[in-house]
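Peer 1: Next one to model:
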Amino acid sequence: MKLNERGEYEYVGLDDAYDGPADKLLEVSAFGGASPDEDEIARQLYGSQDQVKYDAIAGFHVGAFAGWDSDAAARGNGSSGGLATWVLCQLMSVGKIDGVVHLKPGGPEGQLFTYQISRSVDEVRAGAKTRYYPGELSSALREIREVPGRYAVVGIPSFIYELRLLQRSDPLFQERIAYTIGLICGHQKTANYATYLAWRGGVEPGTLHSIDFRKKVPGEPANRYSTELSGVIDGVVQTKVVPQTDLFGTDWGLGFFKSNFSDFTQDALNETADLVLGDAWLPRYSQDGRGTNVVLVRDLRLLEVLKAGFAKGQVYLEEVPLSDIVGSQSSLVRQSILEVPYRFRYLARRCEATPPVRRNDIQPNLGFDRRMTQRVRVSTSRQSHNAYIDATTLHDLAAFDRTMEPLARRYRRTQTITKVQRLLSKGPRAVLRAVAKRIRRR
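Peer 2: Residues are numbered from 1 along each chain as shown. Below is the predicted model:
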């Protein structure tokens, strides 16, 4: 797997150590027509547990929470509430695992981040933070094969599902991968997203040394984070912090620099992961800039770990209705589940291959605004890759803007239509309140 000019990992050929047929790789590919699907794997993994519940969108689960690491420093070092790192450190501290596979800074070919194995609590903590950056697992899996032990793997939905397929194909990975920690992910960004943000902040392409995509800002809501950049600015290596709102294209609904496979993912909440964590994008939590996680527990073993940590005061947990978990990711649920049938039909009309729709029983009729949103997102995503390559060729970031700003305006118009329609559906009083609020702001 090699990074191409779009900043995506691309298959370029078989590894010298692989002596099997190429088509066997499709058996462990999330998009290769593999069987069983996510729902069947999750049923086999979690369906027989005591008090397990099932939801058509969220999947199997034994617990739903919001919370954070009680250690203020650890919480501050995480992108959300720090619970992913706390769980991993706890598993390592008590000897449940020998290593953690996660995306960490550095790589052999100039990558900003690669999947690596941390083998101590300090290494795990040093690898905390969200990385809006692509990764691939081949070198980490090779190390797992060569070095006996029990491992936890952190990943987005398609990665965890592929690991489950690999475990079915190779019993060694069934034995050695003891836990999977799933991230809730709007979509995968390409490597060019990082260099684009850096260019926006004054760091010329090819000179970025490091990036923190989610630097918390004291006193600001959780969704008002900044981006910290370190690289060559005006001929000197500098570190610069740029508010996220100052960077054109960071609205995730636009889909700038979205890897193509993300349009084909039908798993919003990481259905085959033992523990799932994401941002608590709910009004009562998002105002707290220190960060809060939503937590969906599928494996009883990890429910016991969390409850023990809560009893000792090491973590704060608040049990929440499953609807809060789903509601905190409402945009993702629409994109990866509810609006998939229309998007696939639209892509098929463009002569693009699409997988079967996995949830045939959840196919809402979309209004004009949502259909247009899907079409615009496909367009902005695809165009952003080409526009950035053209801009770097011309050494002119404004060239990117000239291509993408009209598409961004078109997207915002569709969002305005959606907001107006939702407001009208709430009745005249809601409309009057909204108008009065707008007048007061002026």
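Peer 1: For residue 341, see how far away residue 385 is.
Peer 2: To residue 341, residue 385 is 25 Å away according to CB to CB, to the nearest Å. In short, each C-beta sits where N, CA and C put it, glycine included.
Peer 1: my bad, residue 423
Peer 2: Distance from residue 423 to residue 341, by CB to CB: 26 Å.
Peer 1: returning to that earlier point: of residue 385 and residue 341, give the one with the bigger neighbour count.
Peer 2: residue 385 (21 against 18; other CB atoms under 10 Å).
Peer 1: so which strand or helix has the more buried one?
Peer 2: Take DSSP states H and E as the rule and residue 385 turns out to sit in helix 368-394.
Peer 1: so residue 261 sits right up against residue 32, yeah?
Peer 2: No. Contact criterion CB atoms under 8 Å: residue 261 and residue 32 do not qualify, at 11.3 Å.
Peer 1: Not counting its own residues, what contacts stretch 263-270?
Peer 2: 30-31, 38, 57-59, 156-158, 160-161, 182-185, 187, 276, 296, 325-326, 329, 332-333, 335-337, 340, 343, 347, 354-355, 357-359, 378, 381 (CB atoms under 8 Å, 6 or more residues apart in numbering).
Peer 1: Tell me the buried residues within those.
Peer 2: 30-31, 38, 57-59, 156-158, 160-161, 182-185, 187, 276, 296, 325-326, 329, 332-333, 335-337, 340, 343, 347, 354, 357, 378, 381 (16 or more other CB atoms under 10 Å).
Peer 1: which secondary structure element contains the most centrally placed residue in the chain?
Peer 2: Centroid-nearest residue in the chain, with CA atoms, centre = their mean: residue 185, separated by 2.1 Å. For residue 185, there is no helix or strand it lies in under DSSP H and E.
Peer 1: List the single closest residue to it in space, sequence neighbours excluded.
Peer 2: residue 156 (4.2 Å; CB to CB, 6 or more residues apart in numbering).
Peer 1: so how far is residue 83 from the one you found?
Peer 2: 17 Å.
Peer 1: coming back round to it: just checking, the residue nearest to the centre of the chain touches residue 159?
Peer 2: No. Counting by CB under 8 Å, residue 185 does not reach residue 159; the two are 9.4 Å apart.
Peer 1: Just list the residues touching residue 362, thanks.
Peer 2: Per CB under 8 Å, 6+ apart, neighbours of residue 362: 56-57, 337-338.
Peer 1: What spatial separation is found between it and residue 17?
Peer 2: 42 Å.
Peer 1: what do you get for residue 412?
Peer 2: On the measure of CB to CB, residue 412 and residue 17 end up 49 Å apart.
Peer 1: The two: which has the busier surroundings?
Peer 2: residue 412 (14 against 7).
Peer 1: That one belongs to a helix?
Peer 2: Yes. Per DSSP: H, G, I helix; E, B strand; the rest coil, residue 412 lies within a helix segment.
Peer 1: what about residue 294, which SS state?
Peer 2: The assignment at residue 294 comes out as strand when based on three-state DSSP.
Peer 1: Near it, how many other residues are there?
Peer 2: Other residues within reach of residue 294, judged by other CB under 10 Å, total 28.
Peer 1: Show me what it is bridged to.
Peer 2: Residue 294 has these beta-bridge partners by DSSP bridges: residue 66, residue 278.
Peer 1: Contacts only, for it.
Peer 2: 64-66, 184, 277-280, 282, 320, 324-325, 328-329.
Peer 1: same thing with residue 220?
Peer 2: Residue 220 neighbours (CB under 8 Å, 6+ apart): residue 289.
Peer 1: any idea how far it lies from residue 290?
Peer 2: 10 Å.
Peer 1: Any chance of the contacts of residue 294 in a markdown table with pLDDT as columns?
Peer 2: Formatted as a markdown table, the contacts of residue 294 follow (pLDDT from 0 to 100):
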| residue | pLDDT |
| --- | --- |
| 64 | 97 |
| 65 | 97 |
| 66 | 96 |
| 184 | 96 |
| 277 | 97 |
| 278 | 95 |
| 279 | 94 |
| 280 | 93 |
| 282 | 89 |
| 320 | 97 |
| 324 | 94 |
| 325 | 95 |
| 328 | 93 |
| 329 | 94 |
